[in-house]
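Enquirer: sequence plus the predicted model coming up.
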Amino acid sequence: MRAGRALEAAPAPSLVAAGAVSVQFGAALATHLFDRVGPTGAVTLRVVFAAVVLGAVVRPSPGLVRGLGARRADLAVLVSFGVVLGGMNLLFYEAIARIPLGVAVTVEFVGPLAVTLGGSRRRLDLVWAVLAGAGVFLLAGDGLVGGRPLDPVGVGMALGAGGCWAGYILLSAQTGRRFAGSSGLALSMVVAAVCLLPVGLATAGIDLVAPGVLGIGLVVAVLSSVLPYSFELAALRRLTPRAFGVLASLDPAFAALAGFVVLGQDLSGAELVALALVAAANAGSSALDARGRRPDRVPDAGGGEGWGSGAEGTERSVPIARRRSECAKRERA
């Protein structure tokens, strides 16, 4: 409970930044497992451990679990969030097994950028779209003009992870509004673990339970899942997805730093320029929408208009205290 109160009291921008640092350094550490259990085995350990740790810490109430059958809309959001979590993690790990971490996150960033640009009618957003496209083209074309060639499968995996990242932003916000505290996140992580465990066992087998592998897997789970997802879930209660996109624009830079410090991966000049273009496009396209948002109010769970629907969308809001009270009543039912 104290941890939950601390998260609610912390500034939302600080939570997003801390989550970005944690998840990227956790991903860099996870690559040390690839030789033993492969990227699929590594992501399975990460998600399974994250589900166990979150379940033990959050301890969703039995009434919440029993009542999900009658709350089909909430259950659908929960399961969708879990599937997206599993897919995003799996595709991203398969990507960083083939291309540098900083490059993978830069390509993956098309997902949050799509959320930012989706439904917008501002002409200026065309500029941001062109900047982002130039960045991705620069990454893809660098190898064609004498630079470092990138594995096309790795790039495709990163793009797929980006699509899941877009879904993660929207579904995380929905989950945070429908479930009190981190209970929705904990249950969604269980769904992700159930989806990934059979795949991980099929590919890595008994190596998944080797002592050294288990130890690193636990640390990766805390750094890459438990901490950043808890931080972001708390932040998204007070931010629109677009405002979140501004803050998340630092992710490629943190990924490049983690790749350099932990893995010794340096980026070429063209890759650094591409990283800057994509991050600038996301920050610029989000900045206008983020202005004037009231941090002490969140969208009503029954609505949805205006949540990532463009500058002209209408947004119905209720105070956080009232929303928390409603979630708590439903979980006790």
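Expert: It's in.
Enquirer: tell me where the protein has strands.
Expert: With strands called from DSSP state E, the chain shows them at 297-299, 317-319.
Enquirer: least reliable of these by average pLDDT, please.
Expert: Sorting these by mean pLDDT places strand 317-319 lowest, at a mean of 33.
Enquirer: what's the weakest-modelled helix or strand in this protein?
Expert: Within the chain, no helix or strand scores below strand 317-319, which has a mean of 33 by mean pLDDT, DSSP states H and E.
Enquirer: burial count for A192?
Expert: By other C-beta atoms under 10 Å, the residues close to A192 number 28. From N, CA and C alone the C-beta is placed, and that goes for glycine too.
Enquirer: and it, what does it touch?
Expert: By C-beta atoms under 8 Å, 6 or more residues apart in numbering, the residues touching A192 are 47, 51, 82-83, 85-86, 89.
Enquirer: just the mean pLDDT for the longest helix seen in the chain, thanks.
Expert: As assigned by DSSP state H, the longest helix anywhere in the chain is helix 152-178. The average pLDDT within helix 152-178 is 87.
Enquirer: tally of neighbours for A51?
Expert: A51 is flanked by 26 other residues according to other C-beta under 10 Å.
Enquirer: can I assume L54 is in contact with S182?
Expert: Yes - between L54 and S182 there is a contact under C-beta atoms under 8 Å: 6.7 Å.
Enquirer: what's the overlap in contacts for these two?
Expert: S230.
Enquirer: what about stretch 150-166, distance to the chain center?
Expert: The chain centroid and the centroid of stretch 150-166 are separated by 14 Å under C-alpha atoms, centre = their mean, to the nearest Å.
Enquirer: same check on stretch 45-56?
Expert: Distance, stretch centre to chain centre, for stretch 45-56: 16 Å (C-alpha atoms, centre = their mean).
Enquirer: same thing with stretch 185-193?
Expert: That offset, for stretch 185-193, works out to 14 Å (C-alpha atoms, centre = their mean).
Enquirer: and for stretch 193-210?
Expert: Offset of stretch 193-210 from its chain centre (C-alpha atoms, centre = their mean): 22 Å.
Enquirer: D266: how many residues sit nearby?
Expert: 12.
Enquirer: quick check: it touching F260?
Expert: Yes - at 6.0 Å, D266 counts as touching F260 under the criterion of C-beta under 8 Å.
Enquirer: endpoints of stretch 136-150, how far apart?
Expert: 12 Å (C-alpha to C-alpha, to the nearest Å).
Enquirer: before we move on, back to that, check which helices and strands the longest helix of the chain is in contact with.
Expert: helix 72-96, helix 101-108, helix 110-117, helix 183-204, helix 227-236, helix 241-248, strand 297-299, helix 320-332 (3 or more C-beta pairs under 8 Å, 6 or more residues apart in numbering; DSSP states H and E).
Enquirer: now the angle from the longest one to helix 110-117?
Expert: Here helix 72-96 runs at an angle of 130 degrees relative to helix 110-117 (axes from the mean of the first three to the mean of the last three C-alpha atoms, to 10 degrees).
Enquirer: rounded mean pLDDT for helix 72-96, please.
Expert: 90.
Enquirer: same check, this time on the last one
Expert: Rounded to a whole number, the mean pLDDT of helix 320-332 is 38.
Enquirer: cool, the fifth one as well?
Expert: In this model, helix 227-236 has an average pLDDT of 80.
Enquirer: only alpha carbons, please: show it as CSV.
Expert: Output of helix 227-236 as CSV, limited to C-alpha atoms (Å, rounded to 0.1, in the frame of the first residue of the first chain):
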residue,chain,number,x,y,z
LEU,A,227,9.2,-1.4,-12.1
PRO,A,228,8.6,0.3,-15.5
TYR,A,229,5.0,-1.0,-16.0
SER,A,230,4.1,0.0,-12.4
PHE,A,231,5.6,3.4,-13.0
GLU,A,232,3.9,3.9,-16.4
LEU,A,233,0.5,2.6,-15.2
ALA,A,234,0.6,5.2,-12.4
ALA,A,235,1.7,7.9,-14.7
LEU,A,236,-1.0,7.2,-17.4
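Enquirer: tell me where the model's unsure across the stretch 201-333 of the chain.
Expert: Residue ranges of the stretch 201-333 of the chain with pLDDT under 70: 240-248, 282, 285-333.
Enquirer: quick check: the farthest pair among the contacts of A192?
Expert: For these, the farthest-apart pair by C-beta to C-beta is A51 and V83; their separation is 13.7 Å.
Enquirer: give me the nearest residue to D151, chain neighbours excluded.
Expert: Nearest non-adjacent residue to D151, counting by C-beta to C-beta, 6 or more residues apart in numbering: R98, 4.1 Å away.
Enquirer: one more: V37?
Expert: Closest residue to V37 apart from its sequence neighbours, by C-beta to C-beta, 6+ apart: A204 at 3.9 Å.
Enquirer: try P100
Expert: That would be Q265: by C-beta to C-beta, 6+ apart, it lies 4.6 Å from P100.
Enquirer: ok, the one you found to R46 distance?
Expert: 20 Å (C-beta to C-beta, to the nearest Å).
Enquirer: check A9 too.
Expert: Relative to R46, A9 is positioned 28 Å away (C-beta to C-beta).
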